[in-house]
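1. what's the 3D shape of this:
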Amino acid sequence: VQLVESGGGLVQPGGSLRLSCVASGFSLEQDFVGWFRQTPGKEREWVSCINKGGDSTNVPNSMKGRFSISKDNAKNIVYLQMNNLTPEDTAVYYCVRYYDGICSRLLRHVQNWGQGTQVTVSA
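-> Below you'll find the predicted structure:
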C-alpha cells in the first residue's frame, strides 16, 4: 500500500491549493480515506475524510466552508481543496487510509499514512 501526496507549496494568505494523493495497493472504492495535518511541536490534526462511495464527507467545524475532500475512484486519487488559506493552515498534510468502515479524527483508526506534503501560507 502506498499513498503519495503532491500539490503542496507556498501560497499567500487568502489563496487556494489543491492537494492530491495517489493511492496504490488498494482501491478507493473499498476504503475510507482522508487527510490529517501536523505542525512542529503539535499532534497530528484531523482535516477531512470521505467514505467508500464518495457521497459522504466530513471536515472539522473549524474548516467547514474552506476545506473539502473529494476523490476519483477510477483514477484512485484523493483530493483536498483548500480555500481562503491562513498562516495557521501551514503544516505538513498527510493522506491516510482508515481501517475498514471508519471515518475518524483519531490516529489509532488510521491504517496507512502517506509521506506528507508541506503547505506554507505566508505573505
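2. how close does the residue nearest to residue 32 when sequence neighbours are not counted get to residue 17?
-> With Cβ to Cβ, 6 or more residues apart in numbering as the criterion, residue 32 has its nearest non-adjacent residue at 4.2 Å, and that residue is residue 98. C-beta: built from backbone N, CA, C; applies to glycine. Using Cβ to Cβ, to the nearest Å, residue 98 is found at 23 Å from residue 17.
3. And residue 33, by the same measure?
-> Using Cβ to Cβ, one gets 18 Å for the distance from residue 33 to residue 17.
4. got it, and residue 80?
-> Going from residue 80 to residue 17 by Cβ to Cβ gives 8 Å.
5. same thing with residue 54?
-> In this structure, residue 54 lies at 21 Å from residue 17, with Cβ to Cβ as the measure.
6. what about those two, which has more around it?
-> When residue 54 and residue 17 are compared for neighbours, residue 17 comes out ahead with 20 against 16, by other Cβ atoms under 10 Å.
7. Kindly state the beta-bridge partners for that one.
-> In this entry, residue 17 is beta-bridged to residue 82, by DSSP bridges.
8. The one 5 residues further on too?
-> Bridge pairing for residue 22 (DSSP bridges) gives the partners residue 4, residue 77.
9. And it, how far from residue 15?
-> If you go by Cβ to Cβ, the gap between residue 22 and residue 15 works out to 23 Å.
10. re the thing from before, so what's in contact with residue 80 and residue 17 at the same time?
-> Here residue 80 and residue 17 share no contacting residue, scored by Cβ atoms under 8 Å, 6 or more residues apart in numbering.
11. Residue 32 versus residue 58, what's the distance?
-> The separation that residue 58 has from residue 32, given Cβ to Cβ, amounts to 10 Å.
12. Likewise for residue 54?
-> Using Cβ to Cβ, one obtains 10 Å as the distance from residue 54 to residue 32.
13. With only the CA atoms kept, save stretch 53-73 in PDB.
-> Presented in PDB, the C-alpha positions along stretch 53-73 are these (Å, rounded to 0.1, in the frame of the first residue of the first chain):
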ATOM      1  CA  GLY A  53     -18.700   5.700  -2.300                       C
ATOM      2  CA  GLY A  54     -17.500   9.300  -2.200                       C
ATOM      3  CA  ASP A  55     -21.000  10.500  -1.300                       C
ATOM      4  CA  SER A  56     -20.300  11.300   2.300                       C
ATOM      5  CA  THR A  57     -17.600  13.600   3.600                       C
ATOM      6  CA  ASN A  58     -16.700  15.200   6.900                       C
ATOM      7  CA  VAL A  59     -14.500  18.000   8.000                       C
ATOM      8  CA  PRO A  60     -14.000  19.700  11.300                       C
ATOM      9  CA  ASN A  61     -16.300  22.600  12.100                       C
ATOM     10  CA  SER A  62     -13.300  24.900  12.100                       C
ATOM     11  CA  MET A  63     -12.500  24.100   8.500                       C
ATOM     12  CA  LYS A  64     -16.000  23.800   7.000                       C
ATOM     13  CA  GLY A  65     -16.600  26.200   4.200                       C
ATOM     14  CA  ARG A  66     -12.900  26.300   3.400                       C
ATOM     15  CA  PHE A  67     -11.700  22.700   3.100                       C
ATOM     16  CA  SER A  68     -13.300  20.000   1.000                       C
ATOM     17  CA  ILE A  69     -12.400  16.400   0.200                       C
ATOM     18  CA  SER A  70     -13.200  14.500  -3.000                       C
ATOM     19  CA  LYS A  71     -11.900  11.500  -4.800                       C
ATOM     20  CA  ASP A  72     -11.800   9.900  -8.200                       C
ATOM     21  CA  ASN A  73     -12.300   6.200  -7.700                       C
END
